[in-house]
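*Asks:* Provided below for reference: sequence and predicted model.
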Amino acid sequence: MKERPKEIMTITLIGINILVFIVLTMIGRTEDGYFMLQHGAMYEPYIIENQEYYRLFTSLFLHFGISHLLNNMVLLWALGSIFEKEAGKIRFLFCYFISGIGGNLLSLYWNTMHDRQIVSAGASGAIFGLMGGLFWIVFGKQGEGSETAVREGGILIM
């Protein structure tokens, strides 16, 4: 019997992002800010004035063009597969979504403070959160049974 991959949540998130991108590409242009805005991208007036808070979440699954999607998905695989194996599925998802929504809130705050109204989307905030979580695993849990360790010249995955 074939063993299930340990990084099932990482694979699932990548699959959802790709599926959303394919569907949106079939019905419009993902490089068009107005089109993306119609499908859940972040935009300060819609969130603040219209109370469309769901955009803090939906924008995590939207990407402006194929290169934006591919860059984020390669990083999600590289970081997420290690993080999920080390931290577990629940901690992985918690870190991913808290970081993504937190990054969107920080972006919203920054744009509001600088009187900028920008349409934004992507999984970058969530991916940066996974990077921080991976640093915590590598450096904070050194010698505590983690299979990920720091070795001269880079990270060693055992």
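*Replies:* Done, it's in.
*Asks:* which helix or strand contains the closest residue to residue 53 other than its chain neighbours?
*Replies:* Excluding its sequence neighbours, the residue lying closest to residue 53 (Cβ to Cβ, 6 or more residues apart in numbering) is residue 47, at 6.3 Å. (Glycine included, C-beta is placed from N, CA and C.) Secondary structure assigned from DSSP states H and E places residue 47 in helix 44-48.
*Asks:* just residue 76 next, same as before
*Replies:* Counting by DSSP H and E, residue 76 is part of helix 66-87.
*Asks:* same for that helix, what does it pack against?
*Replies:* helix 8-27, helix 89-113, helix 124-135 (3 or more Cβ pairs under 8 Å, 6 or more residues apart in numbering; DSSP states H and E).
*Asks:* give the contact list for residue 89.
*Replies:* Residues near residue 89 by Cβ atoms under 8 Å, 6 or more residues apart in numbering: 8, 9.
*Asks:* repeat that for 6 Å
*Replies:* By Cβ atoms under 6 Å, 6 or more residues apart in numbering, the contact list for residue 89 reads residue 9.
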